[in-house]
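# The sequence and its predicted three-dimensional model are supplied below.
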Amino acid sequence: MDSLKEDLKKQIIAQLNLEDVQVEDIDDEALLFDADGLGLDSIDALELIVLLEKYYSIQVTKPEEGKEAFRSINSMAEYIRKRKAESVL
Amino acid sequence: MGVQITGIGIVSAIGKTVAENLGALKSGRSGIAPVQYLKERPELLVGEVKIGNAELIDKLAINNPNISRTSLLGLTAAREAWGNSPHHSGIRTGIISSTSVGGMDRSEWFYRDFLKQGNPDYEVLLCHDSGNTTERIARELGISGYINTLSTACSSGVNAIMLGARLIQQDKLDRVLVGGTDALTSFTVNGFKSLMIYDDAWCRPFDESRTGLNLGEGAAFLLLENDKSAAISGNKTLCYVKGWANAADAYHQTASSPDGKGATMAIQKAIKLSGVGIDKIDYVNAHGTGTKNNDLSESVALKNVFGDAIPPFSSTKPFTGHTLAAAGAIESVFSVLAIQHNLIYPSLNFTTPIAEAGLIPVTDLITDREVNTVLSNSFGFGGNNSSVVFSSTL
Amino acid sequence: MVYISAASGITHQPTFKNAGFSASLDTISSDTELVSPNYKDYIDAGLLRRMSKILRMSVACAKECIQQAGEIHPDAIVVGTGLGCLQDTEKFLNTFLSVEGLLPPTSFIQSTHNTIAGQISLSIGNHGYNMTHTQNTLSFEHALIDSIMMLAEGDAHILVGAADEHISFLDSVAEQLDVTLPVAMTSGCSFFVLSKEKTDQTLAKLTAVETYGEIQKLEEHLNNFFESNSIDPARLDLVLFSGLDIDACGQVLHYLTSRGVKEDQIQDYLIYSGIYPTASAFAVHYAVDKIGQDPSLKNVLVCNCMNRRNLGLTLIQSVEA
């Protein structure tokens, strides 16, 4: 189990008040903003930007930038790793 | 029965009177500048009314200084609109204000002290609620009876005008002072920042490069009268409120629908009720906040309603900033002035049309044509969309 | 004529889906809580997760009310709220005054008063007139007046209601300001469907609603109200009264009792609803429920003078009256 993805799922559930959702319910590849995935919307996207800053000190200045990154748990994890690597350089 | 506008009053970032606002609109002078009065980081761009609370209290000769800036601004505009109108037992008079923050300008200071475990002044909270901001204005003007406040976010001001016009039309009141007021607060500045739609640069409505709004503050009131009231008051008719409508977008909590459904419905219904031909609208004062979402959605709605024949339109928010509940009232006063003085205002800071819409607002002041009928739009959170039509003739 | 086709309430009393509740109410004590239904039965989980107390209770109550009226499509949604979405307002105040860096936007979005009416329109996909009145203790009466006008302008059905939520901060404010309250502060919402036509469903008639802000000539106002509605105060079977025998409230009480209203026909409703700015909406629900239970009740007046500067009068009559 990838601990970054596990943490992300827990943080998303807490940040977005996903009362009925468990970590195991979220598939790594599921489209977060799709009705078949978590069915998130533009307000959630802003909450996810807050989450990235709060837990990972990553700043997303333009909401559009988040769109691609927030496709799925996999893409979010990838985005976080990429930004973290950039900040080390 | 016609609903006449017989008085207007306004205070905004571009002036503390109707005359000052008109002068700034004509000269293309924006009131948006780095923050001066509100305690925020100094580079923040806002449309503040350039006067402090102490000076306002003094100027308005307020006895009880426990009063919100929202009420002070409201009273300034309400007094100007009321003018020297007589109180008369034969005129059923009311007041409808609108506000989104109410007394938050002072409550947020209370709350700072409260969080610091200091010794906060709880008396401040007596003027927190929105209804109180209106009651204070009513009391100072000597209006009793029908006193009401609407709060529908950024469409509130137009809704107050609409409700007042309906009360006159249904013969519930003879005269009603209608408008809106909102002070600038850290609550709303931080709120719009959290939505990531607060532009660090000057707002650019309907421009491809737009990234958000600048907040402003202010108030505006309009005095509406029926024939009977106008005959007694002797007030001169400035123009008429001819049509109005409110519709719910029912699409999303904050975002406007991509097909502009609610906005389209509001505009269409208001024009239909006005009885004015769709080709007779001389100017559209758009909501035009400068956010990606609003301006695109509003452009789509304008196309839905007017097709290829969209009347000259502009957003005056680059002059005043977005004044939330006051915006609809402020822009209605601008609409009345447009009719009175045959003016079409420029949309400041515009250079490039939105790619998906291709609409080009008016960019230079137009003074060489008659302006008889104006449509003003105000759209708010929760998909609350309102439009109003003003006309020089009944 | 305006007909009440449905009435629903979520309060500190067993008002929800419980016709006849008015027969067995206990006085509110300080430790009562909101009697909440299972909100998931009424609200989509995706919307529910963000909703504060006032939004949950309002949307569920509004939906139940519409069901009761036979799944009508309201032409307008009109809401009155005295203090609006306090939970979210308090939350965002806390957030922006104490958090460094980016702020979560949800509580700001939901702090505006019209979130209630907006969420109802979103939940039922309604594109009609959507209005929010906030005139402290008279917010509900103003919503009713607006709704009656919408019916006069041609609408068939209006969903109208009121909501206010209690947060514990309000108790400290009352304490600090030395306000002595006769009963505890509570949360509550009530919704109604008002219709232009009478049907088999009709519960009662909403005959008249008036508000008087910054009261000056109280007796004249009261005379006008009774005269313009052609009703003699002595014909009132029940007066639902808010507040105490002081100031304007005392004058109204005296006015009524000196014109033939017997003291045992006057009932304080605040002891049942608890105190919140739009508690008069509870009183209207209570009146409608009473009328449904007791055929002898023809004319019921809700007299709201919770704020001594302001008076709200709502006359409800049985269908036969």
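Looks like it came in fine. Numbers count the residues shown, from 1 in each chain, chains lettered A, B, ... in the order given.
# pLDDT averaged over stretch B:188-208, what's the number?
Taken as a whole, stretch B:188-208 has an average pLDDT of 97.
# is that stretch up against chain A anywhere?
Yes. Using Cβ under 8 Å from any Cβ of the partner chain, we find that stretch B:188-208 touches chain A at B:S194, B:L195, B:M196. The way it works is simple: take the backbone N, C-alpha and C, and place the C-beta from them, glycine included.
# Next, give phi and psi for the closest residue to chain B within the stretch 201-321 of chain C.
Scanning the stretch 201-321 of chain C for proximity to chain B using Cβ to the nearest Cβ identifies C:G213 as nearest, at 3.2 Å. When quoted as degrees, to the nearest 10, the phi and psi of C:G213 stand at phi -100, psi 150.
# any idea which helix or strand carries C:V193?
strand C:188-195 (DSSP states H and E).
# near chain B, anything from that strand?
No. Strand C:188-195 lies out of reach of chain B by Cβ under 8 Å from any Cβ, never closer than 15.7 Å.
# which neighbours does that strand have in its sheet, and in what orientation?
Neighbouring strands of strand C:188-195 in its sheet, by DSSP bridges, are strand C:2-10 (antiparallel), strand C:157-164 (antiparallel).
# Tabulate these (TSV), appending distance to A:E47.
What follows is those, written out as TSV (distance: least, Cβ to Cβ, whole Å):
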stretch	distance to A:E47
strand C:2-10	28
strand C:157-164	25
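# Go through these and pick out the most buried.
Among these, strand C:157-164 has the highest mean neighbour count (mean count of other Cβ atoms under 10 Å in any protein chain shown), at a mean of 30.
# Distance check, whichever residue of chain A sits closest to chain B against A:I49.
The nearest approach of chain A to chain B comes at A:P63, 5.1 Å away (Cβ to the nearest Cβ). Between A:P63 and A:I49 the distance, using Cβ to Cβ, to the nearest Å, works out to 7 Å.
# Which one of the two is surrounded by more residues?
More crowded of A:P63 and A:I49, by other Cβ atoms under 10 Å in any protein chain shown: A:I49, with 25 against 16.
# on that earlier part again, now do the shared contacts for A:P63 and A:I49.
B:M196 (Cβ atoms under 8 Å, 6 or more residues apart in numbering or on different chains).
# tilt between the longest helix seen in chain C and strand C:188-195?
For chain C, the helix reaching the highest residue count under DSSP state H is reported as helix C:53-68. With axes from the mean of the first three to the mean of the last three Cα atoms, to 10 degrees defining the directions, helix C:53-68 sits at 30 degrees from strand C:188-195.
# Any idea how many residues pack against residue 28?
This is for chain A. 14.
# oops, I was thinking of chain B
14.
# Any figure for the gap between it and B:L337?
Distance from B:G28 to B:L337, by Cβ to Cβ: 15 Å.
# again, but for C:G312
37 Å.
# between those two, which one's more packed in?
For C:G312 versus B:L337, neighbours defined as other Cβ under 10 Å are more numerous around C:G312 (27 against 23).
# can you tell me the helix or strand for the more buried one?
Going by DSSP H and E, C:G312 is part of strand C:311-317.
# List the pairing partners of that strand within its sheet, with orientation.
Strand C:311-317 has the following sheet partners, assigned by DSSP bridges: strand C:204-212 (antiparallel), strand C:299-304 (antiparallel).
# send the alpha carbons of it over as CSV?
Presented in CSV, the C-alpha positions along strand C:311-317 are these (Å, rounded to 0.1, in the frame of the first residue of the first chain):
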residue,chain,number,x,y,z
LEU,C,311,-45.4,44.1,15.5
GLY,C,312,-46.5,41.3,13.2
LEU,C,313,-50.1,40.2,12.8
THR,C,314,-51.2,37.1,11.0
LEU,C,315,-54.8,36.0,10.7
ILE,C,316,-55.5,32.4,10.0
GLN,C,317,-59.0,31.1,9.5
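# So out of everything in the stretch 201-321 of chain C, what residue is nearest chain A?
Closest approach between the stretch 201-321 of chain C and chain A, counting by Cβ to the nearest Cβ: C:Y276, at 25.3 Å.
# measure that residue to A:P63 for me?
To A:P63, C:Y276 is 38 Å away according to Cβ to Cβ.
# Report how many residues lie close to the residue of chain B found nearest chain C.
At 2.4 Å from chain C, B:G382 is the closest residue in chain B, using Cβ to the nearest Cβ. Here the count is done by other Cβ under 10 Å, and B:G382 has 30 residues near it.
# Show me which positions of the least confident helix or strand in chain A by mean pLDDT end up buried.
Sorting the helices and strands of chain A by mean pLDDT, DSSP states H and E puts helix A:63-69 at the bottom, at a mean of 80. For helix A:63-69, the neighbour count (16 or more other Cβ atoms under 10 Å in any protein chain shown) marks A:P63, A:G66, A:A69 as buried.
# contact partners of the very next helix or strand once past that helix?
Sequence-wise, the next helix or strand downstream of helix A:63-69 (DSSP H and E) is helix A:73-88. Contact partners of helix A:73-88, identified using Cβ under 8 Å, 6+ apart, comprise A:2, A:4-5, A:8-9, A:26-30, A:32, A:48, A:52, A:56, A:58, A:68-70.
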